[in-house]
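1. Make a model of this:
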Amino acid sequence: MPVPLQITFRNIAPSEAVESAIREKVERLSRFHDHIMSCRVWVETPHRHHHKGQLFEVRVDITVPGGEILAMRNPDQGAAHADIYVALRDAFDAAKRQLQDRQRRVRGDVKPHPAPHHARVFRVFPADGYGFLRTLDEREIYFHRNSLVDADFEFLDVGTEVTYLEEQGENGPQAARVMLGKHAY
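-> Take a look at the predicted model:
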């Protein structure tokens, strides 16, 4: 079923060639998401008094079940948008990426990022290159000097607040990506 499409030209004369290119790009988008309810495309040339030539701004607004996707490409994002077809390509490429991202989230393909934990440095063994953190729930978590991000292990003090990501090591839980500071993530 064809996607309901609305094309609007502002400060520019309508063009059959541009409309045809837009229809073709909308048809390609429907391959990435089979439930597009509507698509609105605005092509305009903003008033620019200090620029030679004409720059094009393209906005693509797609309605899908559960939300909307808005992709815009402005003239400020590069002189290449002096070509209307380049501006169309960039805007529709951005819309395609957003549709693909939305599909991945809906399918559950997007890997959730673990939340960082807060702790304090509890013990440090500088000669051996490791230490332990004490978590808020009083657990001890092992960390290695290589787990520190943007910090020198030699200057690490007991009691320093850190944030870290926890992973399962060979001998139990261990800290990965340890960052100094309470709000490092």
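
2. Residue 31: neighbour count?
-> 9 (other C-beta atoms under 10 Å). The C-beta positions use only the backbone N, C-alpha and C, and glycine is treated the same way.

3. from the middle of its chain, how far away would the helix or strand hosting it be?
-> Following DSSP states H and E, one finds residue 31 within helix 16-32. Its chain's C-alpha centre and that of helix 16-32 lie 25 Å apart, by C-alpha atoms, centre = their mean, to the nearest Å.

4. How about stretch 82-93?
-> Here the centre of stretch 82-93 is set off from its chain's centre by 21 Å, with C-alpha atoms, centre = their mean.

5. With stretch 2-21 instead?
-> 29 Å.

6. quick one: average pLDDT of that stretch?
-> Per-residue pLDDT over stretch 2-21 has a mean of 91.

7. Repeat that for stretch 33-50.
-> 80.

8. Stretch 141-152 too?
-> The pLDDT scores in stretch 141-152 average 88.

9. In CSV, list the C-alpha atoms belonging to that stretch.
-> The C-alpha trace of stretch 141-152 is given here as CSV (Å, rounded to 0.1, in the frame of the first residue of the first chain):
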residue,chain,number,x,y,z
ILE,A,141,34.6,-5.6,44.5
TYR,A,142,38.0,-6.4,43.0
PHE,A,143,39.5,-4.0,40.5
HIS,A,144,42.7,-4.0,38.5
ARG,A,145,44.9,-1.0,37.7
ASN,A,146,43.9,-1.5,34.0
SER,A,147,40.2,-0.9,34.9
LEU,A,148,40.9,2.7,35.8
VAL,A,149,39.9,5.3,33.2
ASP,A,150,41.8,8.6,33.1
ALA,A,151,43.4,8.1,36.5
ASP,A,152,46.8,7.0,37.8
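
10. re earlier: packing partners of the helix holding residue 31?
-> strand 5-10, strand 38-44, helix 84-107 (3 or more C-beta pairs under 8 Å, 6 or more residues apart in numbering; DSSP states H and E).

11. what comes into contact with the helix or strand where residue 58 lies?
-> Assessed by DSSP H and E, residue 58 sits inside strand 57-64. Outside strand 57-64, the residues that touch it by C-beta atoms under 8 Å, 6 or more residues apart in numbering are 29, 33, 35-46, 68-75, 81, 84, 87-88, 90-92, 94-95, 99, 102.

12. Check the burial of residue 12 by counting its neighbours.
-> Neighbour tally, residue 12, other C-beta under 10 Å: 14.

13. correction: residue 168
-> Neighbours of residue 168 using other C-beta under 10 Å come to 8.

14. Repeat that for residue 91.
-> Counted with other C-beta under 10 Å, the neighbours of residue 91 add up to 25.

15. Mean neighbour count, the helices and strands packed on helix 16-32: which tops it?
-> Comparing the helices and strands packed on helix 16-32 by mean neighbour count (mean count of other C-beta atoms under 10 Å), strand 38-44 comes out on top with a mean of 19.
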